[in-house]
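> Need a 3D model of the following:
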Amino acid sequence: MALSSFFAQSQLPFKEVISKYRTFLIAQDTTAADSIMVWSSSLQPNGEWRNVAYADQNVSSWKTPEHLGRIVKLSAAYHNPSSKFFNNPQVWDKIILAINHWIEKKYRNTNWWYNDIGVPQYWRDIIALNYEKFKPEELSKSLSILGQYKLKEAFTGANLVWSADLAMHYGIFTANDGLVRKGSTLIIDEIKISKGEGIRADYSYHQHGARSQTHHYGASFLKENIRLAYELQHTPWAFPAAKVTLLKDYLVEGWQWMSRGVYVTPATLDRSISRKGFLKQDLTTLLPYLIQLCPTAEADDLQKMLKVQQTGKQTLLGYKYYPYSDVAALQQKEFTLILKTISTRTEVSENINGENQQGTFLNLGNTFFIRNGNEYLDLMPVWDWTKLPGTTNFQGAKTINRLVFVGGVSSGQSGLAAMDFETANQQSKLTGSKFWVMHKGQVFCLIANLNLSGSTDPIFTTLEQSRLQGKVTTGKGWVNHNGFTYVALTGTPIVVTDKKVTGTWSTLSKSGSSTPVSENVFKAILPHQQNSASAYLIDGLTPLANVKQLLAHPDWEILKNTGECQALAFKDGTAMLSFHQKGELQVKNTLVKVNKPCLIILTPTDIHASDPLHKGGELEIELNGKKIIVNLPADGLSVKHTRK
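Sure thing, here's the model as predicted:
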């Protein structure tokens with residue numbers, strides 16, 4: 001029996017998996033030949049590079065592992081048959097010299113993540129690339145560093161995948177089937193619809209509590225699992241088809257709707273917004289691996305997504321609301337809007353490890369309009385963080401107090417979102433109700449019941465704060481920039497600035513660069529009065545030449561804008577309503593009554609509704625005396641009722 005077990009173990013495809021991973025690493029590597037030349041020629045006899053910060057102990061961006069990153073890239077070049085460094089003995093000598101240096105020094109950081117995950121990840125790659133070239137002693141020493149990993153079975157989401165992936169690869173390198181099965185099973189089981197951290201039922205993603213992390217931790221979760229599914233394909237440890245399908249669904253129904261091609265927004269990044277380059281998430285080299293893992297029918301949506309990433313031409317059209325993350329997404333051919341609200345069910349933006357030092361008012365109804373991707377890319381050092389795009393606030397605010405009335409409804413092509421909000425400092429508090437309507441490429445925002453107590457500070461809404469791109473044109477009550485027209489629908493004029501601003505990444509993150517950067521910034525501010533209501537429109541479709549005509553002949557009407565009800569109607573028969581309590585409203589020729597708080601879209605053929613309080617139950621809607629019962633789910637998802 002022991003001999004049989006040994007024989008079975010020896011037939012397992014450990015080396016095939018290592019070979020696939022090596023091929024993957026080489027294919028993904030884009031290091032310039034000049035860099036390889038410099039690193040191989042500048043390594044000192046003691047195995048150090050002079051420009052690597054070996055004494056660094058930064059907990060959010062530890063610089064010392066750059067040493068390991070260079071070993072990985074040197075190794076990829078050495079093993080790449082199309083590289084001019086392929087099988088170069090001088091390069092190999094430098095690889096071994098640099099490896100031995102780390103093994104001797106065993107650098108560590110005070111942040112556990114680097115010791116248990118970050119450093120072992122580098123060694124996983126170093127071993128995979130050099131496995132067949134290593135002498136037994138070299139492999140043994142390298143495995144001793146990879147062995148720093150700690151398998152944390154209680155972890156969730158990306159953290160669990162990172163941990164189990166390292167254990168699994170340690171098992172692959174040591175031909176330990178039990179460890180490979182344990183690691184791969186943990187990873188496979190984590191690809192699920194989660195009630196906590198991970199992929200949520202609406203295909204948004206949470207990590208570190210109820211935080212929208214689709215393009216931060218969610219990106220790591222996705223990328224690692226695509227690679228692992230490719231590595232383990234056609235092995236005893238392969239991902240089941242249903243798990244691959246779920247990764248595809250997360251991409252198609254979540255990821256791509258919350259982005260515009262390769263460009264993402266702070267709404268789905270949380271604290272990593274303070275990291276340079278994070279607003280661009282290019283999947284063009286990774287999507288083909290998932291495409292070949294999926295059945296042809298399922299891969300079609302991924303092929304379309306890949307084409308959008310490659311060409312930048314958006315093909316999605318419509319509106320989605322993600323109630324588990326308080327995120328809304330409007331996709332048009334011409335532009336994308338991502339809206340991030342906050343409720344008692346989601347968390348304020350995270351501030352740990354010295355990151356996100358300025359992000360207090362992220363999630364406070366932030367609206368990010370993307371046309372070409374340059375609007376916000378690496379603009380964070382020069383942002384005025386007290387006036388983030390879309391936020392309504394007062395000058396002395398210090399904190400967000402989360403409220404319960406927050407939600408959204410989608411009818412497919414159009415939609416709405418609503419948020420009661422409160423910001424405060426020790427002496428003062430601002431409260432109000434915001435209501436966004438997205439219809440035919442136009443975005444309306446109604447702001448009601450604005451009340452600031454304990455202060456006479458200015459109250460304002462930041463319509464936009466983005467990179468200046470081209471000419472700013474102003475008219476009576478409106479401003480046009482970068483193809484967007486900002487219209488004050490109430491009497492207060494929009495205040496515009498477009499000037500050069502200088503800042504540093506170090507103001508956002510303790511590990512950020514202190515080198516000043518300058519950008520020309522466009523900012524549009526709508527001032528408010530105490531105890532007032534306000535409204536504005538952002539139009540991303542109407543050509544500049546037609547703006548005056550648009551405003552002279554509006555096809556919309558604000559029906560009500562109070563703390564009890566906010567509503568907007570259009571000439572095509574669509575109306576969008578937010579009831580904060582039991583009430584009624586005349587909508588054109590229809591008297592609408594509801595028996596409790598709700599969000600509603602009325603069209604000539606359908607009713608779409610949701611519960612912004614997340615209690616669920618029966619909603620009674622009365623239209624000119626005709627009663628309709630709609631069963632609302634308790635998770636805030638929209639339901640549809642066909643009108644007869």
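> tell me which element Val409 falls in.
Here Val409 is covered by strand 406-410, with elements defined by DSSP states H and E.
> Over to Ala297?
helix 296-311.
> Okay, now the sheet partners of whichever helix or strand comes after the strand holding Val409, with direction.
On the C-terminal side of strand 406-410, the nearest following helix or strand under DSSP H and E is strand 415-424. Sheet pairing here is set by DSSP bridges, and for strand 415-424 it gives strand 399-400 (antiparallel), strand 406-410 (antiparallel), strand 429-439 (antiparallel).
> Off-centre distance for strand 415-424?
In terms of CA atoms, centre = their mean, to the nearest Å, the centre of strand 415-424 is found 20 Å from the chain centre.
> pLDDT of it, averaged?
Mean pLDDT, strand 415-424: 98.
> Find the least confident helix or strand in this protein, judged by mean pLDDT.
Lowest on mean pLDDT, DSSP states H and E among the helices and strands of the chain sits helix 2-10, with a mean of 48.
> Can you read off the pLDDT for Leu364?
The per-residue pLDDT reported for Leu364 equals 98.
> The nearest residue to it once chain neighbours are set aside and Pro323, how far apart?
The shortest distance from Leu364 to any non-neighbouring residue, by CB to CB, 6 or more residues apart in numbering, is to Thr391 (4.6 Å). C-beta coordinates here come from the backbone N, C-alpha and C atoms, glycine included. From Thr391 over to Pro323 the distance is 21 Å, taken as CB to CB, to the nearest Å.
> out of those two, which sits in the busier spot?
Neighbours per residue, other CB atoms under 10 Å: of Thr391 and Pro323, the larger number sits with Pro323, 27 against 23.
> Helices along the stretch 501-644 of the chain, start to end?
Assigned by DSSP state H, counting those that start in this stretch, the helices in the stretch 501-644 of the chain fall at 547-552.
> Need the three-state assignment for Ala267.
Look at Ala267: counting by DSSP: H, G, I helix; E, B strand; the rest coil, its state is helix.
> What's the separation between it and Val348?
Using CB to CB, Ala267 is found at 14 Å from Val348.
> One more: Gly312?
Distance from Gly312 to Val348, by CB to CB: 33 Å.
> ok, back up a step: what does the strand holding Val409 contact?
318-321, 323, 326, 328, 341-343, 345, 415-420, 576, 599-601, 608-614, 636, 638 (CB atoms under 8 Å, 6 or more residues apart in numbering).
> can you tell me the helix or strand for the residue lying closest to Pro240 once chain neighbours are set aside?
Excluding the flanking residues, the one nearest Pro240 by CB to CB, 6+ apart is Ile188, at 6.8 Å. Ile188 is located in helix 177-190, with elements delineated by DSSP H and E.
> Just the pLDDT at the closest residue in space to Asn109 that isn't next to it in sequence, thanks.
Excluding its sequence neighbours, the residue lying closest to Asn109 (CB to CB, 6+ apart) is Trp62, at 4.9 Å. Looking at Trp62, its pLDDT reads 95.
> repeat for Met1
Met1 carries a pLDDT value of 44.
> Ok, Gln314 next?
Predicted confidence (pLDDT) for Gln314: 93.
> can you tell me which residues contact it?
By CB under 8 Å, 6+ apart, the contact list for Gln314 reads 260-261, 308, 331-333, 336.
> Which one (most neighbours) among those residues?
Arg260 (27 neighbours).
> I figured that one was touching Phe368, is that so?
No: the pair Arg260 and Phe368 does not pass the contact test of CB atoms under 8 Å, sitting 9.5 Å apart.
> Tell me where the model's unsure across the stretch 1-150 of the chain.
By pLDDT under 70, the low-scoring segments of the stretch 1-150 of the chain are 1-10.
> Quickly list the domain ranges of this structure.
Structurally, the chain divides into domains by automatic domain parsing as follows: 13-150, 179-314, 320-551.
> Please tabulate those in CSV, including the columns distance to Thr642.
Shown next, in CSV, are these (distance: least, CB to CB, whole Å):
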stretch, distance to Thr642
domain 13-150, 49
domain 179-314, 23
domain 320-551, 12
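> out of those domains, nearest to Leu632?
Taking CB to CB, domain 320-551 is the member of the domains of the chain nearest to Leu632, at 10.2 Å.
> All the strands of the stretch 451-600 of the chain, in order from the start?
Assigned by DSSP state E, counting those that start in this stretch, the strands in the stretch 451-600 of the chain fall at 459-467, 472-475, 478-481, 484-488, 495-503, 517-528, 532-539, 556-561, 565-570, 575-579, 583-587, 590-594, 598-602.
> pLDDT (mean, whole number) over the second one?
Confidence over strand 472-475, taken as the mean pLDDT, stands at 96.
> ok, and what's touching it?
Contacts of strand 472-475 (CB under 8 Å, 6+ apart): 479-481, 496, 498, 522, 544, 547-548.
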